[in-house]
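Peer 1: sequence and computational prediction follow.
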Protein chains: 2
Amino acid sequence: MTIFVDMDEVIADTYGAHIEIYNEEFNQQLSTEMCLGHEVWQMVPVEHQESIRNHARRTGFFRDLKPIEDSQSILKEISRKNEVYIASAAMQFPNSLVEKSDWLDQHFSFIPWKNRILCGNKHILQGDILIDDRSYNLDTFKGRPILFTSPHNINNNGYERANNWLAIAEMLL
Amino acid sequence: MTIFVDMDEVIADTYGAHIEIYNEEFNQQLSTEMCLGHEVWQMVPVEHQESIRNHARRTGFFRDLKPIEDSQSILKEISRKNEVYIASAAMQFPNSLVEKSDWLDQHFSFIPWKNRILCGNKHILQGDILIDDRSYNLDTFKGRPILFTSPHNINNNGYERANNWLAIAEMLL
């Protein structure tokens, strides 16, 4: 099977990085639990929102992300018997492109360059499964869409959901 | 219609750049006409081949490419009535990623970031038309494949061929 896997908030902890940077710079105590059902920038005072929305433009932001728990070991196992592609809507942030490539080299070296896609819209992808945290990416996918749980999407309905990588393992291994 | 357009040797003159850099550095008089049916690196002495094969790893190589003749005006016209995506197999050269993004900003600003794809394999693309100079990219495409003539592919048969962007205009406008 051809399986597409999103990066941010599926294998890379972007959400956690937003909170960590925000807390450090503004001396706050924001937590994931306090943000459930929202984007991080929506949960801070208006005068701090612009700062969070600009994290993605910072040099090093994408390079320093932590892998999501269990994503490496389970995706490696899945990739033994499937054609796994990483598909990230990265084109909005040109500085992120090489950082995402380097990050994959570092944390997901078993995914070769031929199986990496940096794109804008994802509705041009043709394959069997798409694992993504954004319903607007899943909406147009003609295969089996799987919504990967992220703090911002806990109230989204209408898609098969995986709460973590152990759940993905049960579905696909 | 959804139309995918390759970058190198379709809208960006990679072939010409290889020859130009080679001639300058090795004080040679290689021309496109001398190379027909071959890759540029195949047409130089063995001891020079490695240098040409490493052009793509140089900073600035992709940023400085010239647009292919008529590609800008005709693609702009095509994009008025179609969903045009630029699809480049760029992931092999991480340094090229931001350069390709910047180059598109400069020369094809009418193609928004949502319609840009940097990938490895192209057989994950789902759409109506793929314009590419490499038959191995066209082989697996389920829509209408169009081989764009480049010096290296003049002997390839088996695909609908466009010799230049005026030919593309006749086909698609």
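Peer 2: Perfect, thanks for sending it.
Peer 1: the residue lying closest to A:D8 once chain neighbours are set aside: neighbour count?
Peer 2: In this structure, A:D8 finds its nearest non-sequential neighbour in A:T14, 4.1 Å apart by C-beta to C-beta, 6 or more residues apart in numbering or on different chains. All C-beta atoms are positioned from the backbone trio N, CA, C, and that covers glycine. Counted by other C-beta atoms under 10 Å in any protein chain shown, the residues lying close to A:T14 total 20.
Peer 1: quick one, phi psi at A:T14?
Peer 2: According to degrees, to the nearest 10, the main-chain angles of A:T14 amount to phi -70, psi -40.
Peer 1: check the one 5 residues further on too.
Peer 2: Taking degrees, to the nearest 10, you get phi -70, psi -40 for the backbone angles of A:I19.
Peer 1: now it. Nearest residue, chain neighbours left out?
Peer 2: Nearest-residue entry for A:I19: A:L30, 5.2 Å, with adjacent residues in sequence omitted and distances by C-beta to C-beta, 6+ apart.
Peer 1: what sits against that neighbour?
Peer 2: The contact partners of A:L30, by C-beta atoms under 8 Å, 6 or more residues apart in numbering or on different chains, come to A:I19, A:Y22, A:N23, A:V40, A:M43, A:V44.
Peer 1: what's the answer for A:D8, then?
Peer 2: Under the criterion of C-beta under 8 Å, 6+ apart, the neighbours of A:D8 are A:T14, A:L65, A:S88, A:D133.
Peer 1: just grab the bridge partners of it for me.
Peer 2: Following DSSP bridges, A:D8 is listed with bridge partners A:A12.
Peer 1: from A:P94, how far off is it?
Peer 2: Spatial separation of A:D8 from A:P94 under the definition C-beta to C-beta, to the nearest Å is 16 Å.
Peer 1: ditto for A:E77
Peer 2: For A:E77, the distance to A:P94 - C-beta to C-beta - is 33 Å.
Peer 1: more neighbours: these two, which one.
Peer 2: Neighbour tally, A:E77 and A:P94, criterion other C-beta under 10 Å: the higher count belongs to A:P94, 20 against 13.
Peer 1: and stretch A:8-25, how far out from the chain's middle?
Peer 2: A distance of 11 Å separates the centroid of the chain from that of stretch A:8-25, by C-alpha atoms, centre = their mean, to the nearest Å.
Peer 1: my error: substitute stretch A:92-104 in the last question.
Peer 2: From the chain centre to the centre of stretch A:92-104 is a distance of 13 Å (C-alpha atoms, centre = their mean).
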